[in-house]
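Enquirer: build me a model:
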Amino acid sequence: MYTPSRGSVDLLYKLYVTAKKASKPLKIKKSKKGVFKTTSPSIFAKFKSNTVKNLLKMKKFVLLAVLIVAANAQKSSFKCPEKDGQYEDPIQCDKFYECVDGVATEKLCPDGLVFDPLNRKINKCDQPFNVDCGDRIELQPPKSNTFCPRRNGFFADPDPTICNIFYNCIEGEATKTKCTVGLHFDEYSGTCVWPDSAGRKGCVSDDHKLKDGFSCPTEPKLDASGQVVAHPKYPHPSDCQKFYVCLSGKDPRDLGCQVGEVYNEETERCDAPENVPGCEDWYKEDKKN
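Expert: Numbering: from 1, shown residues only. A predicted model of the protein is given here:
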């Protein structure tokens, strides 16, 4: 509960007394020049004929000001612990209080960052995916632009079908970044992950065909138990050392075994040339060329 300071009480009392005096009937007499003079002690010695109405209006204004001051004081009140430091707001994750000698100063993290009370650094504002806000679910109003929903943070491309591009926003300045081939951006972790981990729907890849013309088969590849292989592999048609992998069954990537090994389609691993029919002399032929 808010407890007003001695200075606040004195100020409110003076405002109240002023308003109360202003509303009392004054004993007045009119002079020849249309100026009123008081016949009993009052706040003013002289005032024009419309002053009484103004004083009544002033009473309402002062009382309203008193209520506003009290309400704002109640809203921003925070009781500091004995130890100086920075403390989180109980309901707003990006708000905190800096306590010095028992006096709390309300502060906000930069837009897009949230306050981490467990952070031992002086600057305790961090990315949301690094902080457990718990019940502190409120945030300050966002300051957004085209690529930055908030002024700071990592954000997906505004086009929901583009999943491999994200923007690193620092004070509203966006830097476009592309994930490693085959990965999708995940806003919950702020990193690029495998498509099945990101769980984003409606993604459209611009890499459905490689330069050599290879594209992933439309029919899913099944394992020995009849289950669909998540990232099936396929041998290169003319190069024993190379093979393809289809990420999520649709995005092709060309890979290769280390020198001295060839791809074994049966085991789906790199193997010695003598274990792969048709590739036994692969490196011998390579040396001849």
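Enquirer: now do the domain split for the protein, please.
Expert: According to automatic domain parsing, the chain comprises the domains 6-75, 85-130, 153-198, 207-289.
Enquirer: next one: phi and psi at the nearest residue to residue 111 once chain neighbours are set aside?
Expert: Spatial nearest neighbour of residue 111, excluding adjacent residues (Cβ to Cβ, 6 or more residues apart in numbering): residue 151 at 4.2 Å. Every C-beta, even on glycine, is put in place using the N, C-alpha and C of the backbone. With angles defined as degrees, to the nearest 10, residue 151 sits at phi -70, psi -20.
Enquirer: so, low pLDDT: which residues of the stretch 51-200 of the chain?
Expert: For the stretch 51-200 of the chain, the stretches with pLDDT under 70 are 51-76.
Enquirer: pretty sure residue 96 contacts residue 80?
Expert: No - using Cβ atoms under 8 Å, residue 96 makes no contact with residue 80, being 11.9 Å away.
Enquirer: neighbour count: the two, which is higher?
Expert: Neighbours per residue, other Cβ atoms under 10 Å: of residue 96 and residue 80, the larger number sits with residue 96, 25 against 17.
Enquirer: quick check: that one vs residue 202, distance?
Expert: Residue 96 sits 38 Å away from residue 202, going by Cβ to Cβ, to the nearest Å.
Enquirer: likewise residue 222?
Expert: Relative to residue 202, residue 222 is positioned 26 Å away (Cβ to Cβ).
Enquirer: can you check residue 107 too?
Expert: Noted for residue 107: a distance of 40 Å to residue 202, by Cβ to Cβ.
Enquirer: mind listing what the residue nearest the centre of the chain touches?
Expert: In the chain, the centroid-proximal residue (Cα atoms, centre = their mean) is residue 112; its distance is 3.7 Å. Contact analysis of residue 112 by Cβ atoms under 8 Å, 6 or more residues apart in numbering lists 128, 142, 148, 150-153, 169.
Enquirer: show me what the nearest residue in space to residue 268 that is not next to it in sequence is bridged to.
Expert: Once flanking residues are discounted, residue 268 sits nearest to residue 233: 5.0 Å by Cβ to Cβ, 6+ apart. Beta-bridge partners for residue 233, by DSSP bridges, are residue 245.
Enquirer: can you map out the helices along the stretch 151-289 of the chain?
Expert: Ranges of helices in the stretch 151-289 of the chain, per DSSP state H, counting those that start in this stretch, are 195-198, 282-288.
Enquirer: please enumerate residues in contact with the shortest one?
Expert: Just to be clear, that refers to helix 195-198. Counting by Cβ under 8 Å, 6+ apart, 163, 182-186, 203, 230, 247-248, 251 sit against helix 195-198.
Enquirer: pick out whichever of these sits closest to residue 211.
Expert: Each of the contacts of helix 195-198 was scored against residue 211 by Cβ to Cβ, and residue 251 proved nearest at 14.4 Å.
Enquirer: these two touch, right, that closest one and residue 209?
Expert: No - with contact defined as Cβ under 8 Å, residue 251 does not count as touching residue 209 (10.2 Å).
Enquirer: so these two - more neighbours on which side?
Expert: Shown here are residue 251 and residue 209; by other Cβ under 10 Å, residue 251 has more neighbours (21 against 11).
Enquirer: bridge partners for the more buried one, pull those for me.
Expert: Judged by DSSP bridges, the bridge partners of residue 251 are residue 247.
Enquirer: can I get the buried part of the contacts of residue 112 as one ChimeraX selection?
Expert: In ChimeraX syntax, the buried subset of these is picked out as below (16 or more other Cβ atoms under 10 Å):
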select :128,148,150,151,152,153,169
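Enquirer: what about the contacts of residue 112, which are in strands?
Expert: 153, 169 (DSSP state E).
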